[in-house]
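1. Curious how this folds, go ahead:
(chains A and B)
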Amino acid sequence: MAALLIRRLAFLPVLLVFVSLLVFFLPRLAGVDPTLAILHARVPERNPDPEVLDRIRAELGLDRPVPLRFLSWLERLARGDLGYSYVTREPVAGLLREGLAVTATLVGLCLALAVVVAVPLGVVAAIRPGKWLDNLIAIGSQVGVAVPEYWIALLLILLFAQRLGWLPSAGWRGPAYMVMPVLTLAFRPIAYFAWATRAAVIEAMRMDSFRAARARGLTRTRTIWVHALRNALIPVVTLVALWLAGMLGGSVIVEVIFGIPGIGLVLYNAVLATDLPLIQAGLVFLISLAVVINTLADLAYVALNPAIRLSRPQP
Amino acid sequence: MKGALVLLVAVLTAITSWASAASPALKRLTVAESTEVRPSHAWALESDDVFHLSGTGVCEPLVKVDFDGRLVPNLAQSWQRTDKTTWQFKLRSGVVFQNGQPFNAQAVITALNHIRSVPTLPRGFTSSTITSLSAAGDTAVIIHTGAPDTLLPNRLSSVNTCILAPSAYKAGAEPSPFGTGTGPFILKEASQDSLRLVKNKNYWGGLVNLDEVAWLLVPDGVVRAGMVRTGEADIADNIPISQVPILEKDTRVVVVKQLAPRTVGLYLNISRRPFTDVRVRKAIQYAIDKKAIVATILEGIGQPAVGPFTPVEKAWLNSGLKGYPYDPQRAKALLAEAGYKPGDVKFALLTYPSRAELPPIAEAIQKMLKDVGIVADLQVKPLVDDDALAGKFETLLLSRGHLLDVYDPEGFLTADYSCKGSYNLSHYCNPSVDGLLAQSRDANAPQTRYNLYRQIQSIIVDEDAVTVFVNHSVTLVAHSKKVLNYRPHPSHHYTVTAALDITR
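-> Predicted structure coming up:
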């Protein structure tokens, strides 16, 4: 297990350097001039004063050759200095932290809801595979995966905010504001988690330990809910971790529609404003976070799964 | 059982009526604002952030563009140009900052020095726009300009130059607008998605009607529009065209259409044939049915254009322009006169997709040109300013704002229509226009200047037919019928004013 950990963590810096290369050079390859980007981020002046442009370049060291700028950016990143936003001139780290706090709440609630709803659904589907309840859940899962978020979001707003007036349309100012965004985001994970649970439970029902438990006299239902489920939770834990990593950046559509000041909206606005330091640091940060979470998920899977743990040769 | 129920209802009624009687009904108004104009925790006055401060009635500049598009005194009572490069601004008496600090010449100088020292200057300012500031006593400020500048009062009507109390400005940090403005509302709280403001009881401009204002930042236009219908917002700014039919059917909501200083025009590259011939240019003008474009493609939301300026810009609009009413027969006649048979004139019609209305308008134009025998090959791709300026196009359908830098069209006219203009896409050069522009920069009185602009409009539109001005853009605001005294501002400077009110 230690060997796995070391291998995974050794790979991380290599990945990050590669990612930062991509994130740094892509805007420049697309023809974005950082000096104009700074100017346009604050003042959409079509014809900037050349004197102002020169002054900005000199002040921010943008007149140095590109490889030098990349290395100095990388060095500052390694030290934890994520730079200053072109738009607000505030430290990027603070902006990302605040956005992440909001998104983490949103995503956390969403995944909690997904687990609470999907796991029982998956178990119920597994109890009588092929029967009408199972088919219903199957169709529900397909729909949940296929329907676009922006459609669900607007539909929920139309129904609960406009027609019924039960919930507020947009914002993040209390528990009532969280209901619809969390619901919107939860559709897909519920669908996937339910299906994964179902498959895992069916798999567990084939195992010897399952038949042994039945032989001891436990009812089928109780055996499924107590024994099979325990095994089925292992892949679900892994899925939750993977989805967590993906949703931290992937909740942007919901954040824009509901006006939630999470990290998705922060980066969306940054891209619209060509706020390069925020875009670069934000992307590197999100990707690193995703890699770390995935690594932890893998480790958790290994730790929890007795088959892998016990199959390793003992000294 | 029934007795207990009656008692419960009685108790609840008593509690609710006590609760509502205990708090006097506060007049509270909520605005749902779009976040293309992005706010931040740090208030960079030189950026578009400042529209949140001026829009909410916190921060005010020396000179004001009023709701009719005229330049009027604001924190400065009057101003005069004492010599070519010197202006004197007399400050209004009776103004006090919301934190109690005195409003005087020194405070104005501190504020203006801040905006002069930021690394990215606001629109309409270069490092030599203002070279020095000094106080003439407590109530007047002397401003020296780098070059003779008739537009200094217009530049100081830009909300980027609004004045905050001296204690708001700290070295090395962005200014703090909390309780440091002069306007009708005091900023109390700012969160990531909203601002909370309260009435300024000592406002110099008179009684403020509203007690509290909530300024919500909602990125999605459809959601903003919906909030007026649910009652979550009383005013929703910048709503998408698609929402207009829905809102107009709602009897509790009013949709306000405000002409924006932005015009869609077909720019012709005059340096290339056949556009070198004015008859061809005029033929193209006559071939296009602008009324039909506005009625069908824009669903009536917009106004057909004659020249570049809109009817709300009464100060400098030349309302006597003849223009080119839709007349395909005349177009065909002009082409024949110029020696072109149907199908002879062929060119590329370029436009870009980032403004959704442009490609459909271009298609309509293509069809209308075909009807008079002109073949236009439509190309839709992202706009590359540099390519366009280098003349790598034949015709270009462009949406152009003309009051972006300063509240005066001189910047636009110089950039787009003077021989060496920095945005002269048409490659147009008429020495008369350059001469008139030079005169306007020397003119002391605004009226003189505006008359010169009217002459320029006449040349550009009626004589030289340089650009086909198709339609003026419209901004859309929706508000509940409970809102009183709301007027959209021509440059989106002010939304919440002292006069704004709401019925209970």
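2. Can you read off the pLDDT for residue 294?
-> Picked chain A for this. Looking at A:N294, its pLDDT stands at 83.
3. switch to chain B, that's the one I care about
-> For B:V294, the predicted pLDDT is 94.
4. SS state for it?
-> Assigned by DSSP: H, G, I helix; E, B strand; the rest coil, the conformation of B:V294 is helix.
5. That one: neighbouring residues, count only.
-> 21 (other C-beta atoms under 10 Å in any protein chain shown). Glycine gets a C-beta too; all of them are placed from N, C-alpha and C.
6. again, but for the one 10 residues further on
-> Counted with other C-beta under 10 Å, residues neighbouring B:P304 total 20.
7. Look up the closest residue to it, ignoring the ones flanking it.
-> Once flanking residues are discounted, B:P304 sits nearest to B:K290: 3.8 Å by C-beta to C-beta, 6 or more residues apart in numbering or on different chains.
8. what about the stretch 351-500 of chain B, any weak spots by pLDDT?
-> Along the stretch 351-500 of chain B, segments meeting pLDDT under 70 span B:384-386.
9. which residues in it form helices?
-> B:358-371, B:385-389, B:410-417, B:431-442, B:446-457 (DSSP state H, counting those that start in this stretch).
10. repeat for the stretch 101-250 of chain B
-> Using DSSP H, counting those that start in this stretch, helices in the stretch 101-250 of chain B cover B:105-117, B:152-155, B:221-230, B:244-249.
11. now for those, which one comes closest to A:A176?
-> helix B:221-230 (12.7 Å; C-beta to C-beta).
12. on that earlier part again, could you redo the helices of the stretch 351-500 of chain B as a markdown table and give each row distance to A:L15 and mean neighbour count?
-> A markdown table is the format used below for the helices of the stretch 351-500 of chain B (distance: least, C-beta to C-beta, whole Å; neighbours: other C-beta atoms under 10 Å in any protein chain shown):
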| stretch | distance to A:L15 | mean neighbour count |
| --- | --- | --- |
| helix B:358-371 | 41 | 18 |
| helix B:385-389 | 37 | 13 |
| helix B:410-417 | 48 | 22 |
| helix B:431-442 | 58 | 16 |
| helix B:446-457 | 60 | 19 |
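13. Now for whichever residue of the stretch 101-250 of chain B sits closest to chain A: which residues touch it?
-> At 3.5 Å from chain A, B:Q192 is the closest residue in the stretch 101-250 of chain B, using C-beta to the nearest C-beta. Contacts for B:Q192 (C-beta atoms under 8 Å, 6 or more residues apart in numbering or on different chains) come out as A:98, A:102, A:172, A:261, B:41.
14. separation between the fourth one and chain B?
-> Separation of A:P261 from chain B (C-beta to the nearest C-beta, to the nearest Å) stands at 4 Å.
15. ditto for the second one
-> Applying C-beta to the nearest C-beta, the value for A:V102 to chain B is 8 Å.
16. Kindly state the pLDDT recorded for the nearest residue to B:H489 once chain neighbours are set aside?
-> Spatial nearest neighbour of B:H489, chain neighbours left out: B:F67 (5.8 Å); criterion: C-beta to C-beta, 6+ apart. B:F67 is assigned 89 on the pLDDT scale.
17. Need phi/psi at B:F67.
-> phi -70, psi -10 (degrees, to the nearest 10).
18. what about it, how many neighbours?
-> Neighbour count for B:F67, taken as other C-beta under 10 Å: 17.
19. what residues are up against it?
-> So B:F67 contacts B:487, B:489-490, B:494 (C-beta under 8 Å, 6+ apart).
20. What is the host helix or strand of A:A191 packed up against?
-> Assigned by DSSP states H and E, A:A191 belongs to helix A:175-205. Counting contacts by 3 or more C-beta pairs under 8 Å, 6 or more residues apart in numbering or on different chains; DSSP states H and E, helix A:175-205 packs against helix A:92-127, helix A:132-146, helix A:149-156, helix A:229-250, helix A:252-258.
21. Run through the neighbouring helices and strands of the longest one.
-> Going back to what we said before, that points to helix A:92-127. Against helix A:92-127 (3+ C-beta pairs under 8 Å, 6+ apart) you get helix A:132-146, helix A:175-205, helix A:229-250, helix A:252-258, helix A:263-272, helix A:276-304.
22. Mind putting these into TSV with distance to A:P34 and mean neighbour count?
-> As requested, the helices and strands packed on helix A:92-127 are exported to TSV (distance: least, C-beta to C-beta, whole Å; neighbours: other C-beta under 10 Å):
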stretch	distance to A:P34	mean neighbour count
helix A:132-146	40	14
helix A:175-205	34	21
helix A:229-250	23	19
helix A:252-258	24	24
helix A:263-272	14	22
helix A:276-304	6	19
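23. Ok, which of these comes nearest B:D234?
-> Counting by C-beta to C-beta, B:D234 lies closest to helix A:175-205 out of the helices and strands packed on helix A:92-127; the figure is 18.8 Å.
24. ok so, going back, which one of the contacts of B:Q192 is nearest to A:P235?
-> Of those, the one sitting nearest to A:P235 (C-beta to C-beta) turns out to be A:V102, at 29.1 Å.
25. which SS class is B:V255?
-> Secondary structure assignment for B:V255 (three-state DSSP): strand.
26. Identify the residues contacting it.
-> B:239, B:244, B:247-248, B:476-478.
27. now B:A236
-> B:31-32, B:224-225, B:227-228, B:477-479.
28. now B:L151
-> B:124, B:406, B:408, B:410.
29. of those, closest to B:A165?
-> Distances from B:A165 to the contacts of B:L151, taken by C-beta to C-beta, are shortest for B:G124, at 24.1 Å.
30. What does that closest one show for phi and psi?
-> Per-residue torsions, B:G124: phi 80, psi 0 (degrees, to the nearest 10).
31. Quick check, it in contact with B:R155.
-> Yes. Applying C-beta atoms under 8 Å, one finds B:G124 in contact with B:R155, separated by 5.0 Å.
32. Need the overlap of contacts for the two.
-> Residues touching both B:G124 and B:R155 by C-beta under 8 Å, 6+ apart: B:V406.
33. quick one on the thing from earlier: is it possible to get the helices and strands packed on helix A:175-205 out as JSON lines so that each row also shows mean pLDDT?
-> Output for those, formatted as JSON lines (pLDDT from 0 to 100):
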{"stretch": "helix A:92-127", "mean pLDDT": "92"}
{"stretch": "helix A:132-146", "mean pLDDT": "87"}
{"stretch": "helix A:149-156", "mean pLDDT": "92"}
{"stretch": "helix A:229-250", "mean pLDDT": "85"}
{"stretch": "helix A:252-258", "mean pLDDT": "92"}
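34. can you put those in TSV and add distance to B:Y286?
-> Output for the helices and strands packed on helix A:175-205, formatted as TSV (distance: least, C-beta to C-beta, whole Å):
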stretch	distance to B:Y286
helix A:92-127	54
helix A:132-146	52
helix A:149-156	44
helix A:229-250	53
helix A:252-258	44
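35. how about the residues of the stretch 301-450 of chain B that lie near chain A?
-> B:385, B:404-405, B:415, B:422-423 (C-beta under 8 Å from any C-beta of the partner chain).
36. any idea which of the residues you listed is closest to chain A?
-> Of these, the one sitting nearest to chain A (C-beta to the nearest C-beta) turns out to be B:S422, at 4.4 Å.
37. neighbours around that closest one, how many?
-> Using other C-beta under 10 Å: B:S422 sits among 12 other residues.
38. Also B:D211?
-> If you count neighbours by other C-beta under 10 Å, B:D211 ends up with 15.
39. Just want the most central residue of chain A.
-> Note on chain A: the residue nearest the mean C-alpha position is A:M247, at 2.2 Å, using C-alpha atoms, centre = their mean.
40. Fine by me, we can end here.
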